[in-house]
Structures are given as structure tokens and as C-alpha cells.
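A.B. asks: Predicted coordinates and the sequence they were generated for:
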Amino acid sequence: VPLVESGGGLVQPGRSLRLSCIGSGFTFGDYAMSWFRQAPGKGLEWLAFIRSKAYGGTTEYAASVKGRFTISRDDSRSIAYLQMNSLKTEDTALYFCCRGGIRIPKPDYWGQGTQVTVSS
Amino acid sequence: DIQMTQSPSSLSASVGDRVTITCRASQGIRNDLGWYQLEPGKAPKRLIYEASSLQIGVPSRFSGSGSGTEFTLTISSLQPEDFATYYCLQHNSYPPSFGGGTKVEIK
């Protein structure tokens, strides 16, 4: 169940970046999608969750990113997005997308991640 | 928020050893827990879901147990490809939270 993230890179503090996650090999619209990250030398952190359209397509966010990050999906293209605004140096991390869950993230498959570095 | 306390944070073991990793939840989470394996440069891999169910395709040397607040991941006979970092994840209530990770290294 491949999930492939893209869109990472080097960005200055205060700027924006949009990550993409394309899914293949499954009916993308049937699944909730999530974003997680792992900062250098740190553990894993959940960021955002979007339910499938069948469950309203509603979203949830971690407190650390609420108001700055937005998760969305385009089921016609099998893509999930993470729009990241007002980036901070502490947002530097490897960002992963995952599939799974209904009410809450319950990831079964993950992508390999895309690196985001926030630095001046 | 639910805190997940994972132990040990690291361990050294030999091929063939039995390895046990523990996660403790700060409040009861029924069996709403998964175990994940992370290796650099690879997609994280789910090993166990619902605390004790083996993910399809995962070798049977991996097993999970527990319910409520105490959970265990066991590798019955460590193989070379098992040297990695392992995390538990609770998905009982928001925000979903991970244990701090256990790095399994070669002795």
C-alpha cells in the first residue's frame, strides 16, 4: 500500500510549505489520512487527521500546530495535503503521512517521509 | 492527555535473544494500542494492532499483549533485521500519543 510524500525542503522561518501524500493500490477515498512527524533525535508526534467523506471529512489537529497547519484531501487524485504556515525552526522534522482510523488516527500503512528544514 | 511511558529506552541484545518492551498508559486505554517499527530511510511499519493482533505479513516472532494500562511487545527470537526502534501508539483518545521509543541495538 504505497504512500509517497513530497513537498519537503528548506524554508525560512515564517514562510509556508505544502506537503503532498499520494496513495496508490487502494481506494483512497475510503480511508482517513493523518500526518505525523519526527524531529531530529526525538520521538514521533501526531499532527493532523482528516476523516473520509463517509465520516464527514472532518479534521483534528494537535495543539502544537492548530491554527498554523491545515490538512485536506483530494480523493479524485488520491492525495492528502498538509499546508504548513508560519513555520518555526522547531517544525524541522521528517514528516510522514499515514492511512487508517475512523474517529481517531489508527495508522496501518505509512509513507517513507519527506524532510522539512526550517532555517534562516 | 494520555501519557505513554515506554521502557527501556534502549537495549542491547544478540541474535536469538528474547526481547520484551513495555508501554504503560497514564489511564486505561482498553486495547487501543499499536506497535510500530522504525528504521532510518524506511517507511514505519505496524507490527501489532489492538494490542495483540499481528499485522498481516509480520513474522510470528512478534507478539503483543496487555489491556488497560500495561502493554508488552515481545520478540521471541531476535533476528538481524529486527535491530530498529520500536514505538507504541495509543489511539484511545485525543491527542493520540506515542511512547518514547526503544532502540534495539546489537550486543
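C.D. replies: That came in fine, so what should we check first?
A.B. asks: got the residues of chain B near chain A?
C.D. replies: If contacts are counted using CB under 8 Å from any CB of the partner chain, the residues of chain B sitting beside chain A are B:32, B:34, B:36, B:38, B:41-46, B:49, B:55, B:87, B:89, B:91-101. Every C-beta, even on glycine, is put in place using the N, C-alpha and C of the backbone.
A.B. asks: Next up, the contacts around residue A:35.
C.D. replies: When contacts are counted by CB atoms under 8 Å, 6 or more residues apart in numbering or on different chains, residue A:35 touches A:19, A:21, A:46-48, A:69, A:71, A:80, A:82, A:95-98.
A.B. asks: element containing it?
C.D. replies: Counting by DSSP states H and E, the element that carries residue A:35 is strand A:33-38.
A.B. asks: Name every strand pairing with that strand and say which way it goes.
C.D. replies: strand A:44-50 (antiparallel), strand A:93-101 (antiparallel) (DSSP bridges).
A.B. asks: Redo those as TSV? Include mean neighbour count.
C.D. replies: Written out in TSV, the entries for those read as follows (neighbours: other CB atoms under 10 Å in any protein chain shown):
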stretch	mean neighbour count
strand A:44-50	24
strand A:93-101	23
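A.B. asks: still on that earlier bit, for the strand holding residue A:35, the averaged confidence score.
C.D. replies: Along strand A:33-38, the predicted confidence averages to a pLDDT of 98.
A.B. asks: do the same with stretch A:89-104
C.D. replies: So the average pLDDT for stretch A:89-104 ends up being 97.
A.B. asks: Quick check: which ranges of chain A have low pLDDT?
C.D. replies: Under the criterion of pLDDT under 70, the regions of chain A flagged as low confidence span A:1.
A.B. asks: Quick one: name the residues of it near chain B.
C.D. replies: By the rule CB under 8 Å from any CB, the part of chain A lying against chain B is A:3, A:38, A:43-46, A:60, A:62-63, A:96, A:101, A:104-113.
A.B. asks: Would you list the buried entries among these?
C.D. replies: Buried members of those, scored by 16 or more other CB atoms under 10 Å in any protein chain shown, are A:3, A:38, A:43-46, A:60, A:62, A:96, A:101, A:104-111, A:113.
A.B. asks: Look up how far chain A lies from the spatially most central residue of chain B.
C.D. replies: Nearest residue to the geometric centre of chain B (CA atoms, centre = their mean): residue B:35, 3.8 Å. When CB to the nearest CB, to the nearest Å is the yardstick, residue B:35 and chain A sit 12 Å from each other.
A.B. asks: partners of that residue in the sheet?
C.D. replies: Counting by DSSP bridges, residue B:35 forms beta bridges with residue B:48, residue B:88.
A.B. asks: Residue B:87 is in contact with that one, correct?
C.D. replies: Yes: between residue B:35 and residue B:87 there is a contact at 7.3 Å, judged by CB atoms under 8 Å.
A.B. asks: circling back: now which of the residues of chain B next to chain A would you call buried?
C.D. replies: Listed as buried from those are B:32, B:34, B:36, B:38, B:43-46, B:49, B:55, B:87, B:89, B:91-92, B:94-101; burial here means 16+ other CB under 10 Å.
A.B. asks: The closest residue to residue B:100 other than its chain neighbours and residue A:53: what is the separation?
C.D. replies: In space, residue B:100 comes closest to residue B:6 once its chain neighbours are excluded; the distance is 5.0 Å by CB to CB, 6 or more residues apart in numbering or on different chains. Relative to residue A:53, residue B:6 is positioned 35 Å away (CB to CB, to the nearest Å).
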